[in-house]
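*Asks:* this one's structure only:
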């Protein structure tokens, strides 16, 4: 399927102007995704994709974002017939978001392992959406800049990115890269960062891990959304990192600071420094009172800069 924006825009106009006669009605597109998969809009202008999964993937719901239902009966408004299938209901109305989701589902359905890939993709969307409440535009921009900088020497680094509140480390280790925790500050004169006790314990167990220190510069022209779009241009749609970053673009689309808070990309990337994470002297088996609270503030002046990058 090669659905152009202009074609889809015309379809949206037809669907939105249609007088729906059935509460379970769907106005379908003439085009189809692989495996004869139909898609269209319902009366709420939500995108509906009838997936060929025969209840092989459990239904789920992410409030006000996306929902997968078990087999459901639909009435096709523009063909006057009933169909049964497992609908993926995307509750966003932006045309670019629709096309983005359709292109990824299209790619997944072309694979013989589409059930595994669909489950993986839904996990990415859920993880991205779950991190919304902890979204911080400056911290996110710092992580994205670090990934963008490392792509030049580590082309698979985006596959290891895990920007979520539940992750101990932002960039997981692989055979190509050490684990990297990204810390940011807007203070241009002093790099002081906060580490959790869990991160310090991780560093003690994994001495080759690195700490990336980033000074985020405001008053630029690049938003978190635009740097994600820039990252996607450097990646292949089949890559885990591509799907993960695309999940951010869909899940964060209605967060104002994701699209509107802008930073200086060049100065931020140039500020990135990597440090060795040596905390062997901290007694964490029986931590002192000042560390029991779970966090430690450190200055990078106390750390040794790494020669890795």
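*Replies:* Cool, got the structure. Model, not experiment: these values are computed from the prediction.
*Asks:* For stretch 255-270, the averaged confidence score.
*Replies:* Average pLDDT, stretch 255-270: 97.
*Asks:* Just the endpoints, please. Distance across it?
*Replies:* 27 Å (Cα to Cα, to the nearest Å).
*Asks:* buried stuff in that stretch?
*Replies:* Going by neighbour count (16 or more other Cβ atoms under 10 Å), the buried part of stretch 255-270 is 255, 257-259, 261-265, 267-269. For the C-beta atoms, the positions are set from N, CA and C on the backbone; glycine is no exception.
*Asks:* Could you do stretch 203-214 as well?
*Replies:* For stretch 203-214, the neighbour count (16+ other Cβ under 10 Å) marks 203-204, 209-214 as buried.
*Asks:* Farthest pair within the residues you listed?
*Replies:* The largest separation in the buried residues of stretch 203-214, counting by Cβ to Cβ, is between 204 and 214 at 23.0 Å.
*Asks:* for the chain, longest helix please?
*Replies:* helix 114-130 (DSSP state H).
*Asks:* That one - what's its average pLDDT?
*Replies:* For helix 114-130, the mean per-residue pLDDT is 92.
*Asks:* Buried ones in that helix, by neighbour count?
*Replies:* 114-115, 117-118, 121-122, 124-129.
*Asks:* residue boundaries of the helices in this structure?
*Replies:* 5-17, 95-109, 114-130, 137-150, 197-205, 224-234, 240-251, 256-260, 265-270, 289-292.
*Asks:* Same list, these, but as CSV with distance to residue 170 please.
*Replies:* Formatted as CSV, these follow (distance: least, Cβ to Cβ, whole Å):
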stretch, distance to residue 170
helix 5-17, 34
helix 95-109, 23
helix 114-130, 13
helix 137-150, 6
helix 197-205, 10
helix 224-234, 14
helix 240-251, 12
helix 256-260, 17
helix 265-270, 15
helix 289-292, 22
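*Asks:* so which of the ones you listed comes closest to residue 36?
*Replies:* Of all the helices of the chain, it is helix 95-109 that lies closest to residue 36, at 9.7 Å by Cβ to Cβ.
*Asks:* which stretches of the stretch 1-150 of the chain aren't confidently modelled?
*Replies:* In the prediction, the stretch 1-150 of the chain carries residues with pLDDT under 70 at positions 1-3.
*Asks:* so what's the residue nearest the centre of the chain closest to, chain neighbours aside?
*Replies:* Ranked by distance to the mean C-alpha position of the chain (Cα atoms, centre = their mean), the top residue is residue 248 at 3.2 Å. Counting by Cβ to Cβ, 6 or more residues apart in numbering, residue 248 lies nearest to residue 128, which is 5.1 Å off, once chain neighbours are set aside.
*Asks:* pretty sure that neighbour is touching residue 243, no?
*Replies:* No - with contact defined as Cβ atoms under 8 Å, residue 128 does not count as touching residue 243 (9.9 Å).
*Asks:* domain parsing for the chain?
*Replies:* As given by automatic domain parsing, the domain ranges for the chain are 5-119, 132-302.
*Asks:* Run a quick neighbour tally on the closest residue in space to residue 259 that isn't next to it in sequence.
*Replies:* Nearest non-adjacent residue to residue 259, counting by Cβ to Cβ, 6+ apart: residue 225, 4.6 Å away. When neighbours are counted by other Cβ atoms under 10 Å, residue 225 registers 20.
*Asks:* Which strand runs longest in the protein?
*Replies:* As assigned by DSSP state E, the longest strand anywhere in the chain is strand 81-90.
*Asks:* who does it pair up with?
*Replies:* Using DSSP bridges, strand 81-90 pairs in its sheet with strand 47-51 (antiparallel), strand 66-68 (antiparallel), strand 72-76 (antiparallel).
*Asks:* Sort out which residues of that strand are buried, please.
*Replies:* Using 16+ other Cβ under 10 Å as the test for burial, strand 81-90 gives 85-90.
*Asks:* and if you look at stretch 94-104?
*Replies:* Neighbour counts over stretch 94-104 (16+ other Cβ under 10 Å) mark 97-104 as buried.
*Asks:* so how far is that stretch off the chain centroid?
*Replies:* 15 Å (Cα atoms, centre = their mean, to the nearest Å).
*Asks:* Stretch 53-67 now?
*Replies:* From the chain centre to the centre of stretch 53-67 is a distance of 18 Å (Cα atoms, centre = their mean).
*Asks:* mind listing what's buried in it?
*Replies:* Residues of stretch 53-67 classed as buried by neighbour count (16+ other Cβ under 10 Å): 53, 57, 62, 65-67.
*Asks:* Contacts made by that stretch with the rest, please.
*Replies:* Under the criterion Cβ atoms under 8 Å, 6 or more residues apart in numbering, residues 51, 68-71, 86, 88-92, 115, 118-119, 122, 125-126, 129, 250-251 lie in contact with stretch 53-67.
*Asks:* mind checking the end-to-end distance for it?
*Replies:* 14 Å.
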